[in-house]
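A.B. asks: Here is my input; please provide its structure:
(2 chains)
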Amino acid sequence: MHIRSKGVLTSIAVAAAALWLTTIPTAGQAPDGAQFPAYKAPRTADGKPDISGIWEAMTSANWDILAHSSQPGPHPTLMGAWGAGRGGQSIVEGNEIPYQPWAVAKKAENLKNRMVVKVAADPSRYDTGDRELQCYRPGIPRANYMPYPFQIFQTPEEILMVYEYKGALRTIRMNSDDEAPGDTWMGWSNGKWDGESLVVNVSGFNGNTWLDRAGNFHSDALRVVERWTPISPYHMRYEATLEDPKVYTRPWKMSFPLYRHVETNAQLVEFNCVPFVEEMMYEPLGLYRPQPRKAK
Amino acid sequence: MRTRDLVQYSAVTLGMIGALAAAPATAAGQTREQIAEAARKASPRSAEDAMKFFEEEVAKKTAAAIARVYDPNKPPATPAMKTSWGDPDLRGFWLSLSYTPLERPEKFADKALLTPQEAIEFFKEQVAADAAVDPATVHYDWKEFGMDTWQSPVRPNLRSALIIDPANGKMPPLSPEGQKRRAAAQAAAKIADPQTGVSLLQNYYTRCITGNQGPPRLPFNHDSESQIEQVPGYVILMTQSNNDVRIIPLDGRPHLPSQVRTWLGDSRGRWEGNTLVVETTNFHPDRIWRGATGNMKLIERFTRVDRETLSYRITVEDPATWTQPWTAEVPWPRIEPPLFEFACHEQNYGVINVVTGAQIRATEGKPPARDGDN
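C.D. replies: Numbers count the residues shown, from 1 in each chain, chains lettered A, B, ... in the order given. Coordinates of the predicted model:
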């Protein structure tokens, strides 16, 4: 008995070590939750996997979707550790974005200018630093790995995704082949079920969004194919393939797990950032506070 | 699609924009009316010419509308429409517009309910005024885009005012605290040569903080489309204006603690028979809605009257502002989908121009344009 339990303990230890080893992603491997055993999600009334609920990514990808060290914030003298960024691993398969040569330079320029705020009453205002700084809509896929939760509401005809950041809204039209009627920040999403996965084709982007604070970017030719696959009652695998012939040399893939919020009475708490950015955006133009009268 | 006639109208629009461009440059010292008069003179088309262009559409739309006068006392159609999981079905796209004024006009002082004939006459008067074209204000004349109220499924209403309580159809008197705040606001507005800045604009719609100054969803102007979606346990309200989204849990959970404040408020819903009752509190203290404070409590009641109509009834309670709660009802006609992305703040050229203009006017010793002019 004594020996037997020792054996059991040893087996547990070996199993735990094996599990521990498999949960550490190897270099270049996206931590997409692939180690989970096969899982079949509960069904909605129409028999589809039920992915409704409040979800959030747990990555530092909003700072940089590629592998990155921790970093001081842009204004360490003001913001200290508050403004600093976590280090983290890549959510991009192979830890590499296949930029065209010109785009490599553009990405570096974006990083340098990421804090530039340009406010104009014409489209030149989009030739600026990271749009998140100015409380603009984040686009897809970025909305899914920002450090804010989002809520999914599921019906047979449409799936709504409401993002806490800015209350940005995205409607996924199920079984629709409609083309985007115009260019938008959040894109135009058509979805269908493929077994256990929700597959969403997203197009119709205006090209104004970035993929992270590090200046990784795309153009208005971006097309995203997303796969949302429940892998446990509390986890979902998110995969996205990005294709943009104006910027990349080939399609590339990102993946990361999403975690379900399980707190009692969990809800999104409004994050309306417009009032938080007005002084930054309008004061340099002399438009935020009442101005002293100019001498005649 | 309310934009279907866009192309048809574009010729008229271009003509009018050309007229505006040709108008004499704004000379210092001209009043607004003088500037408008100059624009009218310079226009290649008179208001009457332009009106002729819309005559046929006005006649057609009016005929369709007056055939279906809204009777608020007619009981909802039975059986009530239900979702597959048994909740009353409010889903769809709805328009919060009306020609019925919020407060009862003097001419109907003793009449809460009009006769169908009076309601139709009142409706026609307002359509005529709305459909008129003034070349001087054409920049914000929505009819060229199919967005005037008469171009929508809005119809006459037997009510003479949207307010149904107090019974006189008027806003209740201000409480002493409400009077004090209003007096202070009026005094501030009278200060000579007011300078301005975005931080002083109380029009949160201009600042893209909330759409149409809401909630609640009283008639505003254009961009009054809403979508209601339902899933078991939730109702989701989405507005075209600013794409505001309100997530309303139906599970009886308590409100957020009172220190959590939000621009759209914290909403909880429940069913009373076939009516969705939504209670909203926790408004942001800086939010100013018709003078109310952030402690305002809003009760909204949504009832599907028939396939094409939703009754939207609000009760507003704010003892710090009004001496009693007040209630208004707006019938929402059903409209065609969808809503589109409304990235307001991302392209808010308007607020730059509004504030720049007001600052220039201040240096010329003129009062600012009314906040919210559009």
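A.B. asks: just the strands in chain A please.
C.D. replies: Along chain A, the segments classed as strands by DSSP state E run A:53-57, A:150-154, A:158-163, A:169-174, A:188-194, A:197-203, A:223-232, A:235-243, A:252-260.
A.B. asks: could those be laid out in TSV, adding mean pLDDT and distance to B:E225?
C.D. replies: To be clear about C-beta, it is placed using only N, CA and C from the backbone, and glycine gets the same treatment. What follows is the strands of chain A, written out as TSV (pLDDT from 0 to 100; distance: least, Cβ to Cβ, whole Å):
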stretch	mean pLDDT	distance to B:E225
strand A:53-57	98	27
strand A:150-154	98	19
strand A:158-163	98	16
strand A:169-174	98	14
strand A:188-194	98	18
strand A:197-203	98	23
strand A:223-232	97	27
strand A:235-243	98	31
strand A:252-260	98	31
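A.B. asks: Save those as a markdown table, and put in distance to chain B and mean neighbour count too.
C.D. replies: Converted to a markdown table, these look like this (distance: least, Cβ to the nearest Cβ, whole Å; neighbours: other Cβ atoms under 10 Å in any protein chain shown):
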| stretch | distance to chain B | mean neighbour count |
| --- | --- | --- |
| strand A:53-57 | 10 | 20 |
| strand A:150-154 | 5 | 21 |
| strand A:158-163 | 5 | 22 |
| strand A:169-174 | 5 | 22 |
| strand A:188-194 | 9 | 18 |
| strand A:197-203 | 13 | 20 |
| strand A:223-232 | 16 | 20 |
| strand A:235-243 | 17 | 20 |
| strand A:252-260 | 15 | 20 |
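A.B. asks: In CSV: those, plus distance to B:L158.
C.D. replies: Output for the strands of chain A, formatted as CSV (distance: least, Cβ to Cβ, whole Å):
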stretch, distance to B:L158
strand A:53-57, 44
strand A:150-154, 36
strand A:158-163, 36
strand A:169-174, 36
strand A:188-194, 42
strand A:197-203, 47
strand A:223-232, 49
strand A:235-243, 51
strand A:252-260, 50
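A.B. asks: Tally up the residues packed near B:H255, please.
C.D. replies: A count of neighbours around B:H255, defined by other Cβ atoms under 10 Å in any protein chain shown, yields 14.
A.B. asks: Could you say which one of the strands of chain A comes nearest to B:A320?
C.D. replies: strand A:158-163 (31.5 Å; Cβ to Cβ).
A.B. asks: Show me what from the stretch 201-350 of chain B comes close to chain A.
C.D. replies: With the criterion set to Cβ under 8 Å from any Cβ of the partner chain, the stretch 201-350 of chain B comes near chain A through B:207-210, B:229-231, B:234, B:236, B:238, B:243-245, B:247, B:249, B:253-254, B:256, B:260, B:262-264, B:286, B:338-341, B:343, B:345-347, B:349.
A.B. asks: Filter the residues you listed down to the ones in helices?
C.D. replies: Secondary structure from DSSP state H places B:Y349 of these in helices.
A.B. asks: Just the buried ones from the residues of the stretch 201-350 of chain B next to chain A, in PyMOL syntax?
C.D. replies: Filtering these down to the buried ones (16 or more other Cβ atoms under 10 Å in any protein chain shown) takes a single PyMOL command:
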select buried, chain B and resi 207+208+209+210+229+230+231+234+236+238+243+244+245+247+249+256+262+263+264+339+341+343+345+346+347
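A.B. asks: do you know which of the strands of chain A lies nearest A:L66?
C.D. replies: Comparison of those against A:L66 by Cβ to Cβ identifies strand A:252-260 as nearest, at 10.0 Å.
A.B. asks: which strands and helices sit next to the closest one?
C.D. replies: Contacts defined by 3 or more Cβ pairs under 8 Å, 6 or more residues apart in numbering or on different chains; DSSP states H and E place strand A:252-260 against strand A:53-57, strand A:235-243.
A.B. asks: Mind putting those into JSON lines with distance to B:P176?
C.D. replies: Listed next are those as JSON lines, based on distance: least, Cβ to Cβ, whole Å:
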{"stretch": "strand A:53-57", "distance to B:P176": "44"}
{"stretch": "strand A:235-243", "distance to B:P176": "55"}
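A.B. asks: Next up, the contacts around A:E196.
C.D. replies: A:Y39, A:K40, A:A41, A:P49, A:T229, A:P230 (Cβ atoms under 8 Å, 6 or more residues apart in numbering or on different chains).
A.B. asks: if I look at the first one, how far off is A:W55?
C.D. replies: In this case it means A:Y39. For A:Y39, the distance to A:W55 equals 16 Å [Cβ to Cβ, to the nearest Å].
A.B. asks: Return the residues in contact with the nearest residue to B:E177 once chain neighbours are set aside.
C.D. replies: Leaving aside its chain neighbours, B:E177 sits nearest to B:A320 (5.0 Å; criterion: Cβ to Cβ, 6 or more residues apart in numbering or on different chains). B:A320 sits next to B:S175, B:E177, B:G178, B:T293, B:N295 when contact means Cβ under 8 Å, 6+ apart.
A.B. asks: What's the ChimeraX syntax to select whichever of those residues are buried?
C.D. replies: Buried residues among the contacts of B:A320 (16+ other Cβ under 10 Å), as a ChimeraX selection:
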select /B:175,178,293,295
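A.B. asks: Return the member of the contacts of B:A320 nearest to B:L162.
C.D. replies: The shortest approach to B:L162 among the contacts of B:A320 belongs to B:G178, at 20.3 Å (Cβ to Cβ).
A.B. asks: What count of nearby residues applies to the closest residue to that closest one other than its chain neighbours?
C.D. replies: Leaving aside its sequence neighbours, B:G178 sits nearest to B:T321 (Cβ to Cβ, 6+ apart; 4.1 Å). If you count neighbours by other Cβ under 10 Å, B:T321 ends up with 23.
A.B. asks: what does the one 5 residues further on give?
C.D. replies: The criterion is other Cβ under 10 Å. On that basis, B:W326 has 19 neighbouring residues.
A.B. asks: Tell me if I'm right that it and B:I163 touch.
C.D. replies: Yes. B:W326 sits in contact with B:I163 when judged by Cβ atoms under 8 Å, with a separation of 6.2 Å.
A.B. asks: Return every residue with contacts to both of these two.
C.D. replies: Residues touching both B:W326 and B:I163 by Cβ under 8 Å, 6+ apart: B:M171.
A.B. asks: hmm, back to that, make CSV from the contacts of A:E196 and add distance to A:N265 to it.
C.D. replies: Below are the contacts of A:E196 laid out as CSV (distance: Cβ to Cβ, whole Å):
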residue, distance to A:N265
A:Y39, 26
A:K40, 28
A:A41, 23
A:P49, 25
A:T229, 27
A:P230, 22
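A.B. asks: Up against chain A, what does the stretch 51-200 of chain B have?
C.D. replies: B:S84, B:W85, B:D193, B:P194, B:Q195, B:T196, B:G197, B:V198, B:S199, B:L200.
A.B. asks: Kindly write the PyMOL command that selects the buried subset of the residues you listed.
C.D. replies: One line in PyMOL is enough to select the buried members of those, burial here meaning 16+ other Cβ under 10 Å:
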select buried, chain B and resi 195+196+197+198+199+200
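A.B. asks: By pLDDT, give me the weakest of the residues of the stretch 51-200 of chain B next to chain A.
C.D. replies: Lowest pLDDT within those is found at B:D193 (52).
A.B. asks: how close does B:A187 sit to B:K180?
C.D. replies: Noted for B:A187: a distance of 11 Å to B:K180, by Cβ to Cβ.
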